[in-house]
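[1] Kindly return the folded structure for what I paste below:
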Amino acid sequence: MPVFTIPGRTFPVDILFSKNPCEDYVDAAVKQVCAIHLSGMSGDILVFMTGQEDIETTCEVVAERLAQLEDAPPLAILPIYSQLPADLQAKIFERAADSARKCIVATNIAETSLTGTTSREKEERLFMSFNQLMASCTWSTLATTS
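    Numbering: from 1, shown residues only. Sure thing, here's the model as predicted:
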């Protein structure tokens, strides 16, 4: 198996998780997103959910809860899942407008499920956004290798 070393930048990541099981993990995630966003900490937020329905619900509820607050800082809430149209998937790689923080709500397989016309297009979109150059690779999913 070949090993690829890809030079690039790394950023510190804080991983937050519940120490106890949650009855409603969507609501718990929404509360955590709001707490992080309103705390004044810098950086974007990445939330992993189990599927499209949970992702869409999480995005809607976060937007509703922040809309109820008077002086909430701007938050660009961006879903990413395989059935989302390619132009909407690409928004996660764009800079957020008006100094807004980004909150990306994704499945843990969203990165490998980006849709596009060719696999080369997927490769360029993913790595050029991080200002990285990468040798040719083949992208595949479990469905295409079975």
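
[2] okay, and for this protein, where does confidence drop off?
    1, 3-9, 109-146 (pLDDT under 70).

[3] tell me the secondary structure for Arg78?
    Just so we're on the same page, residue 78 is Leu rather than Arg. strand (DSSP: H, G, I helix; E, B strand; the rest coil).

[4] What is the burial count for it?
    21 (other CB atoms under 10 Å). C-beta coordinates here come from the backbone N, C-alpha and C atoms, glycine included.

[5] What's the separation between it and Phe11?
    18 Å (CB to CB, to the nearest Å).

[6] Ala28 too?
    25 Å.

[7] More neighbours: which of the two?
    Counted by other CB under 10 Å, Ala28 and Phe11 do not tie: Ala28 has more neighbours, with 15 against 6.

[8] Where does the closest residue to the more buried one other than its chain neighbours fall, secondary structure wise?
    Take Ala28 and drop its neighbours on the chain: the residue closest to it by CB to CB, 6 or more residues apart in numbering is Cys22, 4.2 Å away. Cys22 is part of no helix or strand, with elements assigned from DSSP states H and E.

[9] residues near Cys22, how many?
    Neighbours of Cys22 (other CB under 10 Å): 11.

[10] So it is in contact with Val30, correct?
    No - Cys22 lies out of contact with Val30 (CB atoms under 8 Å); the separation is 11.1 Å.

[11] how much space is there between Pro85 and Lys91?
    The gap separating Pro85 from Lys91 is 10 Å, by CB to CB.
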